[in-house]
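Colleague: return atomic coordinates for the entry below.
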Amino acid sequence: MTQVDHTRMANAIRGLAMDAVEKANSGHPGLPMGAADMATVLFTQFLKYDAANPAWPDRDRFILSAGHGSMLLYALLYLTGNSEMTLDQIKRFRQLGSLTPGHPENFHTKGIETTTGPLGQGIATSVGMALAEKMLAAEFGKKIVDHRTYVLCSDGDLMEGISQEAIALAGHWKLNKLIVLYDDNGISIDGPTSISDSVDQVKRFKSAGWAAELIDGQDQKAIAAAITRAQKSSKPSLIACKTTIGYGAPTRAGTAKAHGEALGAVELKGAKEKLGISLEPFSVPDDVLKAWREAGSRGAAARQEWESRFAELGNRKRAEFERRLRHERPASLAKALKAHKKALLETPQNIATRKSSESAIDAIAEAMPLEFLAGSADLTGSNNNKAKTAVDFSAKTPKGRFVHYGIREHGMAAALNGIFLHGGFAPNGATFLCFTDYARPAMRLAALMGTGVVYVMTHDSIGLGEDGPTHQPVEHLAALRAIPNMRVFRPCDAVEVTECWELALNRIDGPTVLVLTRQNLPQLRTTVPNDNPCSHGAYELVAAQGEAKVSLFASGSEVEIAVDAQKQLAARGIASRVVSVPALELLLSQPADQKQAIIGNAPVKIAIEAAVRWGWDAVIGPDGEFIGMHGFGASAPAKDLFKHFGITAEAAVNAALKRLG
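Modeller: Predicted structure coming up:
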């Protein structure tokens, strides 16, 4: 191994970060400068990582939760020899099309485990990764799954509320392979953190069941000793590393001016002279680069040893492991759901769609008992997403496949991202639809990253009844549909529920929300075509007798209302059709000819949904009739509420008659 002083290796990170931010005139130099010692110790002495194969299954995971300090991560990828992270990419920091965007994007740059930037998301996502490692190790054995998850987080990460949800879960589950390095520099954008915060983070983490200590984050020996202790702990570990933001900058070090802007030519020159870094931009001494490249290949031997152990597995177990890491579903899933749909046709179920979902989950869990991983934010009995055969996960039962997240919707949603990104499981989490508000930042990141997670969201409208407007969603469907790459299904009966579950589980390039009722609904579907009708977002459920004068569009519980309205119109001699719209945004994404064929040419178009109108004009037109909500709900039995707010078949019929003249 090339012997190079630790300080010179850390300074390579500092120099690249300062130069990249300066060239872009945009970015955050302070964190990479202050945290370079931590990163150098971790990557050169501890991290099990092979730069030539950054995605091998048993690598250690490194998450830069403090995503604003992205140049730290990009510098590490370049220095360790990631083939795609060239010096040219470093020079193009924050430029269109580069592999070095403002915040790390795992879907864009190889070697990045998860997208970070919104503070708190990285540390919360890491809990899901560590959870997945613990579960997969219990199933396949430590010869195949035995790695750690390291996080570098900031003051801001720990101020965000989601961090409390995450650390509470990690401590409770005793995720001892989770090690968090906290860049304790005491500075945020507004100035010293003391102006807004006085939390003792070490005591905070200890109270949540972590091992925690405070060290000098600029002392390489102290960092190495602390990581060694953390690796031996029976608990997750926090290492609070006291650092100086903008370390080395002559006038800005330790101040907010080092946080989020380029140093400027004078300060940059002074910092390089003080640190002993070449004034030539983007220069790394040959011996330093060689030492870093050797560090990047240090994990090759561990990878090769793992590959040998993996090759010794039986063919079936090896194929199962590989299939699950690819997120490929077993052939048994399609067979199980086909049989379930057949049973529904033979014995129709007039039950709430949350109960229909529970029935579908039982069929799914039989087909994929070890990879189907469900959980709820303390609403298991209401969400109905626990299979009858499921065993609860706990620190002592890592083979359990149902996770109790407690009342932590945001932490749950972030953990789901981590579980999916780790690989090996098809995760879903549940709460009431109204409480997606608590989970939205992590859900948005799921859509951005393209993680194939499923959200089981029950109690979907005023139909939940007496709990009233605090719990009754009205704007949530529109808000979720507005998120790019977020698929929202609101099925109308047991058959559609099963079809939507099938689509959700087979979607591995983005998240899916299943929106389900509390109240009972009739089973309206009487056939199950080979082509899943829900895959188009909408389909004609009831055809018109003759040329349609009215098209009735509805989702979920309101499809029943549309069917009733169609019958009443038929009794008046008016031909109408019913189009079930389980996924509005999916309908709108269909090719123009297919979309038009589904929407049809009836002169009167009416949409019925117990939610706000936003989004429906793309189907019914701005002059179309909408039967739905125009404000918040109220506390009363569901039947009274639908009548009170005018979401009835009679209202739809009257609207049609008025338009037809």
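Colleague: contacts only, for L289.
Modeller: 12, 79 (C-beta atoms under 8 Å, 6 or more residues apart in numbering). For every residue, glycine as well, the C-beta is placed using N, CA and C.
Colleague: that's a helix at it, yeah?
Modeller: Yes. Assessed by DSSP: H, G, I helix; E, B strand; the rest coil, L289 belongs to a helix.
Colleague: against E312, how distant is it?
Modeller: According to C-beta to C-beta, to the nearest Å, L289 and E312 sit 37 Å apart.
Colleague: same question, V604
Modeller: Distance from V604 to E312, by C-beta to C-beta: 68 Å.
Colleague: just R490 next, same as before
Modeller: Distance from R490 to E312, by C-beta to C-beta: 48 Å.
Colleague: with neighbour numbers in mind, choose between these two.
Modeller: R490 (32 against 9; other C-beta atoms under 10 Å).
Colleague: show the backbone phi and psi for that one.
Modeller: When quoted as degrees, to the nearest 10, the phi and psi of R490 stand at phi -130, psi 90.
Colleague: doesn't L477 make contact with it?
Modeller: Yes. Contact criterion C-beta atoms under 8 Å: R490 and L477 qualify, at 6.9 Å.
Colleague: tell me, what's touching these two both at once?
Modeller: What both R490 and L477 touch, as defined by C-beta under 8 Å, 6+ apart, is the set V515.
Colleague: over to A479: give its phi and psi.
Modeller: Dihedral angles (degrees, to the nearest 10) for A479: phi -60, psi -40.
Colleague: renumber starting at 177 from here on
Modeller: Yes, from this point I'll number from 177; that puts the last item at A655.
Colleague: okay, it: pLDDT?
Modeller: pLDDT recorded at A655 is 98.
Colleague: let me see the contact set for it.
Modeller: 612, 616 are the contacts of A655 under C-beta under 8 Å, 6+ apart.
Colleague: and I659, by the same measure?
Modeller: Contacts of I659 (C-beta under 8 Å, 6+ apart): 619-620, 623.
Colleague: in helices, which of these fall?
Modeller: Counting by DSSP state H, the part of these found in helices is 619-620, 623.
Colleague: show me what counts as buried in stretch 347-365.
Modeller: 347, 349-364 (16 or more other C-beta atoms under 10 Å).
Colleague: show the end-to-end separation of that stretch, please.
Modeller: 30 Å (C-alpha to C-alpha, to the nearest Å).
Colleague: average pLDDT across it?
Modeller: pLDDT averaged over stretch 347-365 gives 98.
Colleague: ok now that stretch, how far from the chain's centre?
Modeller: Computed by C-alpha atoms, centre = their mean, to the nearest Å, the chain-centroid distance of stretch 347-365 equals 20 Å.
Colleague: likewise for stretch 387-405?
Modeller: Distance, centroid of stretch 387-405 to centroid of chain: 31 Å (C-alpha atoms, centre = their mean).
Colleague: what's the span of it, first residue to last?
Modeller: 9 Å.
Colleague: just the residues contacting it, thanks.
Modeller: 182, 186, 210-211, 213-214, 216-218, 221-222, 355, 357, 359-360, 377-379, 381-382, 406, 409, 411-420, 423.
Colleague: can I get the CA coordinates of the helix or strand encompassing E672 in PDB?
Modeller: Using DSSP states H and E, E672 sits within helix 670-681. Below are the C-alpha coordinates for helix 670-681, written out as PDB (Å, rounded to 0.1, in the frame of the first residue of the first chain):
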ATOM      1  CA  ALA A 670     -62.700  -6.500  -4.500                       C
ATOM      2  CA  VAL A 671     -61.800  -7.400  -8.100                       C
ATOM      3  CA  GLU A 672     -60.300  -4.000  -8.800                       C
ATOM      4  CA  VAL A 673     -58.400  -4.200  -5.500                       C
ATOM      5  CA  THR A 674     -56.700  -7.400  -6.500                       C
ATOM      6  CA  GLU A 675     -55.900  -6.000 -10.000                       C
ATOM      7  CA  CYS A 676     -54.400  -2.900  -8.400                       C
ATOM      8  CA  TRP A 677     -52.300  -4.900  -6.000                       C
ATOM      9  CA  GLU A 678     -51.000  -6.900  -8.900                       C
ATOM     10  CA  LEU A 679     -50.000  -3.700 -10.700                       C
ATOM     11  CA  ALA A 680     -48.500  -2.200  -7.600                       C
ATOM     12  CA  LEU A 681     -46.300  -5.200  -6.800                       C
END
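Colleague: for it, give the mean pLDDT please.
Modeller: So the average pLDDT for helix 670-681 ends up being 98.
Colleague: that helix packs against which elements?
Modeller: helix 507-522, helix 529-543, strand 663-665, strand 688-691 (3 or more C-beta pairs under 8 Å, 6 or more residues apart in numbering; DSSP states H and E).
Colleague: switch the cut-off to 7 Å
Modeller: helix 507-522, helix 529-543, strand 688-691 (3 or more C-beta pairs under 7 Å, 6 or more residues apart in numbering; DSSP states H and E).
Colleague: report the strands that pair with the last one, each with its relative direction.
Modeller: Each strand that pairs with strand 688-691, with its direction, by DSSP bridges: strand 630-634 (parallel), strand 663-665 (parallel).
Colleague: dump the ones you listed to TSV, plus distance to T369 and mean pLDDT.
Modeller: Converted to TSV, those look like this (distance: least, C-beta to C-beta, whole Å; pLDDT from 0 to 100):
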stretch	distance to T369	mean pLDDT
strand 630-634	34	98
strand 663-665	39	98
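Colleague: now stretch 394-411: average pLDDT?
Modeller: pLDDT averaged over stretch 394-411 gives 98.
Colleague: quick check: buried residues in stretch 762-773?
Modeller: 762-764, 766, 771.
Colleague: looking at the residues you listed, which one is closest to I737?
Modeller: Of all those, L763 has the smallest distance to I737: 18.9 Å, by C-beta to C-beta.
Colleague: so what's the closest one up against?
Modeller: Applying C-beta atoms under 7 Å, 6 or more residues apart in numbering to L763 gives the contacts 712-714, 757, 771, 774.
Colleague: output the below-cut-off pLDDT ranges for the chain.
Modeller: 177 (pLDDT under 70).
Colleague: from L555, how far off is T634?
Modeller: 8 Å.
Colleague: so if I had to pick from those two, which one is more boxed in?
Modeller: T634 (25 against 19).
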